[in-house]
Structures are given as C-alpha cells and as structure tokens.
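1. Quick check, what structure comes out for this input:
(2 chains)
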Amino acid sequence: MADKGEHGVNSKKLENPTLGYILILPAVLIVLVIRLYPMLYGFYMSLTDYSLVRPDKVEFVGLKNFIDLITTDEKFYSIIVFSLVYTVCVVGLSYIIGMIMALLLNRDIKCRGFFRTLALIPWAIPPVVGATNFLWILNDEFGIVNIVLKSMGLIKNSIGFFSDMSVVRLTVIIYGAWKSFPFMMIVLLSGLQSIPTEIYDSAKIDGSGPVRSFIHMTLPFLKQVTFISITLMLIWTFNGFEDIYLLTEGGPVNRTMVLPIYTYYTAFYRGNMGYAASIAVLMSIILLAVSILNKKATD
Amino acid sequence: MLKRLGCIFLFICMILSMAACGAESGKQTGNQAVQSSGQNAGEKEKKTQEPVRIVFWDMAWGPADTYPKVVESVAKKFEEGNPNVKVEVQQIAWDNNYQVFLTAISSGTAPDVATVSSALPIQFNSMGALTPLDSILEEWKKEGKYADTEQADYDTFTFDGKVMALPWQLDPRALFYRKDVFEKAGITKLPEDWDGFLEALRKIKKNTDVIPFVSSGADSFSHHVFYHFQIINNTGMVTKDLKADMAGKKNIEVLTLFNTMVKEGLVPEGMVGYKLADAQKLFYSGKVAVFLDAPRLQMLQYPEIANNTAVLPVFKAPEGIKASPGWTNPILVFKQSKNAEMAKQFTKYYCDNVLPVLTKSGLCAFPVKKSFLSDPYFKSNWLLKGISEEVLPYTLPGFYPARAYYPAYGQINGENYAGIALQNVLTAGGKADCEAIAKKINQDVENALKSSK
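-> Prediction:
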C-alpha cells in the first residue's frame, strides 16, 4: 500500500503516467490530424507537379520543384534575401524596443497597468486596421507624419514611405517591429519579474552601475526567455503574410516581396501547388536551421 | 477514487465537446466569410415532399444593408414560380473569394449557382468544374432574347466552343474630371486623344494647385490603370493569337506616356504607394482634377464632388481606338450541382430578371441586356447617364485584344504584371527605360503563357 503524503494524496498512483496519456490522447490525435497530416501532405505535394488547373493529372517529379526553385527561378534569390533581412531586422528591433519597454514597465511607477495595456495595442489590433492606419499616417499627400515634418521645417518634400524604393523596405520593417514589440515586451517583462531583486542590491553595494548590472546580471537571467521569444518571433515573422501584403502587396515592383506572399501567388494565381509546396518546405528547413543556430547561440 | 472519477468525467466532457465541434452540415464550407441570408438551413425536409434546394453564392457586389435583400427578393420570386424549389442565397465576401471557391470545388461542396468575378470562369473551366449553359442560349434564341446581349459578351465566357458562364452585369472603368478645375485651368475643349489629355493635365498643373491625375499604383487596381491606356492604344498584354505583346511598340508608347506624366509632375510622387482607397480619399477631398476609377454611387454623397464632376468622354491614342475597359461579370452553374437542370433554370431566370438588382440594390453596375439599359434609372444622374452615354458604347474587355479569357490570364492578372509595369515607371522619377521595362514584363507574360499550356 502506498504511503499517503501530507495532504492524504496517494503518491504512488500519481506517479503512474498511463492515465495522463489516456486523457491527453484525444487532443493529441486532433493536433496530429490538423497539423501533422497537412504538413506531411504538403511535403508530398512538393514532390509532385500538382496543379489546380489539372488536379486529376498529378505526377511524381521528385526533387524537380526544388531544383527549379534554386537554379532557374530568377526572383527566388532576391525574395529570400529580403525575407531573411526583414525577419532579422524585425526580430532584432522588436527585441530592443520590447526590452526597453519591459525595463521601464518593471519599475514601480504610477498607472503601470494602464501603460502596460497601452503598450499592448499594436499587438492586439487586427492587421487590417493597423495597415490601413499606417497607410494613411504615412501617405505623402495627406499623411500626418509628412504634414508635421514639413510644418516643422524638417523636410522640404514629402517622404515617400511607400513609393521611394530606398525607403519602402525600412517602412515595412518598422511596421513589423511596431506590431511585434508588445509580445517581446510581455515575455521579457515576465522574465524580469522572476529575477530576485537582492542580486541588484548586492551589485549596488559592490559598486556596479546600471549598465554593468544589466549586461552581467539581467541578460544572463533572461537567456532562456530570450531564446524562446526570439525563436517564436523568428518563426512568426518569417512566415508572416498579412503585414506586408496589406501594406504593399509585396511591391512596389516586388521590392518588399517575401516568401509567404510569393508562395501564395504561386499557389493561387499560377495554380502551381506543387511548386508552392516546395517553397513552403524550403521555408520550414530554413526556420529549423535558424532555430537550431539560435539555440546554440543562446547556450 | 474521487479524483479518478473526476478525471474520467472531464475526459468524457472533452470527447463530447470535440465531437460537437466537428459536426458540419452538408454544404457548409466552414469559411467565416460566407454569410447565410437567413434561410432556415436546419429545417428538416419531409421525405415525401422533399423540395429541390438550390444554393446560390452571390458575390457581395453591393452595399451590405441593401444589396442582399434585393437579390433575395429575386430568388423569392423564382420560388413563387417554382413551388417545389428553395433557393438559398449566400453572400460571399471579396476577401480571399478565389480561395473560398477553390476550397469548395476541391472538397466537393461547391454551390449550385454562383456569380463570380470575370476572370474566374476560365480557371474553373480548366478544372472541369462548370456545366455548359448553351441550352439557355438556345432557349433565348427561341424567345427572341438572344440578341439583347452583345455576341462579344457571350464569347467572353465561351471556352472550347461551349458557353460556360453567362454575362449579367458590366463593370466599366472611366476617367472622372472636375469641371470647375478644368474651367479654372482654362481648358475649353475636352481631350480627344491622349496628347490632348496630357495638354489638359499640363494646364491644370500650371494654373491650379490641385493634383492633375491620380489613381491606384499599389494594389491590384493598378492593372486597371495600365489596361485603360493599353486599350486606348489598341493593345494589350497579349495579341489576338495569345502571344506575349508587352514588348510591342504600342505598349512601349503606353509606358512612355506614364513616364511623361511622372517627369512633368502630372501625377503625385507617391502614387506608386497608393491603394485605391488612398486615391479615392484624395479625389473625394477635392485635391485631384482627373481620377480613374469604377463608377461608384458614393461619389454622389460628396456635394463638392457630385456638383462639379463629370465623366470624361472616351478618347484614343494618336493611332489607337476610342475604347475604355470594362469587366463583364458572369453567373455560372457548377458541375457538382445535384440539381443541374433546376440550377440552369434559376440562372436563366436570374439573368432575365436581374434589373431590380441593378437599379434598386445600391450596386453601381450596368446591364449587359440592351433592353435593361433603356430603363430611366440609367439616366437618372450625371454619373449613370455619363457612363451609359460616354463610356459603355466603347467598352472593351480587359483581356482585349484576345477574344476571350485565356488560361494564363489568371496569373498575368493575379500577379499584376500590368500594374508592375506601371510601378516600374512610377518609381523611375521620369527616367524610366521603357523598352527595358517592357522587355522584362514581356518575359513574365511569356513564362505565364508557357506554363499554362
């Protein structure tokens, strides 16, 4: 007979995992069906010439789609380079802004809850609302940013945030960072709040300044939280479709085209599902590699 | 023991809740953009008197508060004439509508009848998803109604010699101009060709402080802007024989025209970044002299615009034709329909009785039937009268000079090759290498034609 613990619980029966597995089995099966099956089917599709235009004539082509993608697709390389640059910049910028906001909101200030809620707004608003507002705010003729900058005499001509080829990529990166930083902020804030405050008191006594404390104490404590938040944000940003699509549809002249939008065009306007699936599989491989590298860098 | 019983109870609840989430009725797509018109889909049909159910997916062509009711009233009248038939009208949102239809067709849950945008029947026909509607044309011939619609409109949806969709409304594009601005600029004669058009824009820039010309540069409407001037110059993305023609002389002339507009500041610098809504905002706030758009009844809601705007009569390029693009939108029957004959009857009825939808629902579109166009509604304000008299007689389809939609059109249109050609010029600051741009886009068109075979 198992000993009953302090609260009268049969500890030996709790150690038996069988009941736990049985209980989670239905949810696991559903997740496998709606996640794993489409993923495996997508991988299979990438090895075929499946086309929406002739769905009944599907042939196995092996790695042909991948070879065509890498060797003959003229647009692929410029798109993948920008996709990676966009992802790294958005994640980096949102991490920095999120960290600054988290450090500020970790202080004991008045109306802290209100400011935290306010900071969550970019994350919370629907993508369509965010994009529409940015398009209006940054418009060269009636956008408030250009109007204010011109009235202050800081610029003479309007900035073409969505029309100037040298600026449009920066615009979408800043928008992406604006949408993403609240998530970083919340995750980092929870990490900051788990750090014992005594260590900072000890560091102060030892003469350590705020910057040194941040680098040598705060950041190491946030290592795991940083890894998780950056990995998730890398995946979401790299796979992100709606932010850029709603702002620029990948233009002008494909200047802000990213892989998810390219995959969408290939799948639904060309009907070439096999080729589109190969792009999606390649994206998954890239993300896996980036996640592994990120883990190594964090360790 | 109690804990174990509690866990098992929760487990059973979880199973039951998941089973409830999975249940769906036969024709539901699961897409949240599909809105039921309010028909009671849960009503059990008695086996002895099972009514014929026709599911009609109608695109959200008009305002949400007025349009669906008028469509349902037409469906209701059909039901009155066919007591054993129940027409279930569902409004389909424009966002991702192509994916909604693709999913439905692929999963065997396509509706019986649908109105769709003009480029879709060729795609669906390639998938073998449509029912031919030639029998309806035969009936119209017997009834003397065939000639009420232009042959070209029937031909638009004729693939491999079979009519796979029927035209029911025409959605034209037009140039709208501010009469007061033209007067202030000293323009006494409206342009008759595009040299005259450029001259008018120059006068506006010189003598007024409004933007001479604007339209969309960023979104899919940008291809309409380019098409407009292609058609005026009697050219298109492909030739009549479906060969890529972007590198042709006439398309280079179109690119050069836009380059001139950019060079001389006749369009805003930021136009390449404008979605149609941005361009509309500029026009409705009175900052623009000439605006390219579809006719929209909302123009009449802005007094400054409504009282001072007119439809610019169609003009041509120096060696072009008087023409303006317009999209003929169709209604079709899916092969998956279990009641194909009744679906065809409803389709015919809808085409014959669609006038209230065009005149009472808030939709701003025009009939393909000539007899409908004579309704006084289409002369009831400057907008409808202007389009009817100045634009419709010269309307040509977006696939011109091809004779009908062709398989590569979906890619050329969907990936916005015409719009990208325009964007290339708009971003070049007036120094566009039009030949190089034309050659590059021509290669894309050639690749699209090749891959669609």
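2. remind me which residues of chain B are low pLDDT?
-> Applying pLDDT under 70 to chain B flags the ranges B:2-3, B:6-49.
3. which stretches of it form strands?
-> Counting by DSSP state E, one finds strands in chain B at the ranges B:34-36, B:52-59, B:85-92, B:113-115, B:158-159, B:162-163, B:166-172, B:174-178, B:211-214, B:288-293, B:309-311, B:324-333, B:366-367, B:395-397.
4. Need the nearest residue in space to the residue of the stretch 51-200 of chain A found nearest chain B, chain neighbours excluded.
-> Closest approach between the stretch 51-200 of chain A and chain B, counting by C-beta to the nearest C-beta: A:Phe162, at 2.8 Å. All C-beta atoms are positioned from the backbone trio N, CA, C, and that covers glycine. Leaving aside its chain neighbours, A:Phe162 sits nearest to B:Gly273 (2.8 Å; criterion: C-beta to C-beta, 6 or more residues apart in numbering or on different chains).
5. Just give the number of residues close to that neighbour.
-> Each residue near B:Gly273 was counted by other C-beta atoms under 10 Å in any protein chain shown, and the total is 30.
6. Touching, it and A:Thr248? I think so.
-> Yes. Between B:Gly273 and A:Thr248 there is a contact at 7.4 Å, judged by C-beta atoms under 8 Å.
7. Which neighbours do these two have in common?
-> Residues touching both B:Gly273 and A:Thr248 (C-beta atoms under 8 Å, 6 or more residues apart in numbering or on different chains): A:Phe162, A:Val168, B:Ala218.
8. so who does the first one touch?
-> Right, the one you point to is A:Phe162. Neighbours of A:Phe162 in contact, by C-beta under 8 Å, 6+ apart: A:Leu135, A:Leu138, A:Val168, A:Thr171, A:Leu247, A:Thr248, A:Pro252, B:Ala218, B:Gly270, B:Val272, B:Gly273, B:Tyr274.
9. hmm, 10 Å instead?
-> A:Phe162 sits next to A:134-135, A:138-140, A:143, A:168, A:171-172, A:247-248, A:251-252, A:255-256, B:217-218, B:270, B:272-275, B:278 when contact means C-beta atoms under 10 Å, 6 or more residues apart in numbering or on different chains.
10. That one sits in which helix or strand?
-> Per DSSP states H and E, A:Phe162 falls between elements, in no helix or strand.
11. how near is it to A:Ile174?
-> Distance of A:Phe162 to A:Ile174, computed by C-beta to C-beta, to the nearest Å: 12 Å.
12. Could you pick out the residues of the stretch 1-150 of chain A near chain B for me?
-> Residues of the stretch 1-150 of chain A lying near chain B by C-beta under 10 Å from any C-beta of the partner chain: A:9-10, A:13-14, A:19-20, A:22-27, A:29-30, A:51-56, A:74-75, A:128, A:131-132, A:135-136, A:138-143, A:146.
13. Please pick the buried ones from those residues.
-> Applying 16 or more other C-beta atoms under 10 Å in any protein chain shown to the residues of the stretch 1-150 of chain A next to chain B, the neighbour count classes A:51-53, A:55, A:131-132, A:135, A:138-141, A:143, A:146 as buried.
14. Flag whichever of those residues scores worst on pLDDT.
-> Checking pLDDT across those, the minimum falls on A:Val53 at 74.
15. That residue: what's it in contact with?
-> With C-beta under 10 Å, 6+ apart, A:Val53 has these contacts: A:270-273, B:122-128, B:407, B:410, B:451-452.
16. if we go to 7 Å?
-> Contacts for A:Val53 (C-beta atoms under 7 Å, 6 or more residues apart in numbering or on different chains) come out as A:Gly271, B:Ser126, B:Met127, B:Pro407.
17. Can you tell me which of those lies closest to B:Ile187?
-> B:Pro407 (44.0 Å; C-beta to C-beta).
18. Can you get me a residue count around that closest one?
-> For B:Pro407, the tally of surrounding residues (other C-beta under 10 Å) stands at 19.
19. tell me the phi and psi of it?
-> phi -50, psi -40 (degrees, to the nearest 10).
20. Quick check: nearest residue in space to it, chain neighbours excluded?
-> B:Ser452 is the one closest to B:Pro407 (C-beta to C-beta, 6+ apart), at 4.0 Å.
21. interface residues of the stretch 151-300 of chain B facing chain A?
-> B:Ala218, B:Asp219, B:Pro268, B:Glu269, B:Gly270, B:Val272, B:Gly273, B:Lys275, B:Asp278, B:Lys281, B:Leu282, B:Lys287 (C-beta under 7 Å from any C-beta of the partner chain).
22. one more time with 10 Å
-> B:211, B:214, B:217-220, B:222, B:268-275, B:277-279, B:281-282, B:285, B:287-288.
23. Would you pull up the residue in the stretch 1-150 of chain B closest to chain A?
-> For the stretch 1-150 of chain B, C-beta to the nearest C-beta, closest residue to chain A: B:Ser126, 4.2 Å.
24. wait, isn't that residue in contact with B:Ala119?
-> No. With contacts counted by C-beta atoms under 10 Å, B:Ser126 stays clear of B:Ala119, the gap being 11.8 Å.
25. any shared contact partners between those two?
-> Counting by C-beta under 10 Å, 6+ apart, the residues touching both B:Ser126 and B:Ala119 are B:Gly410.
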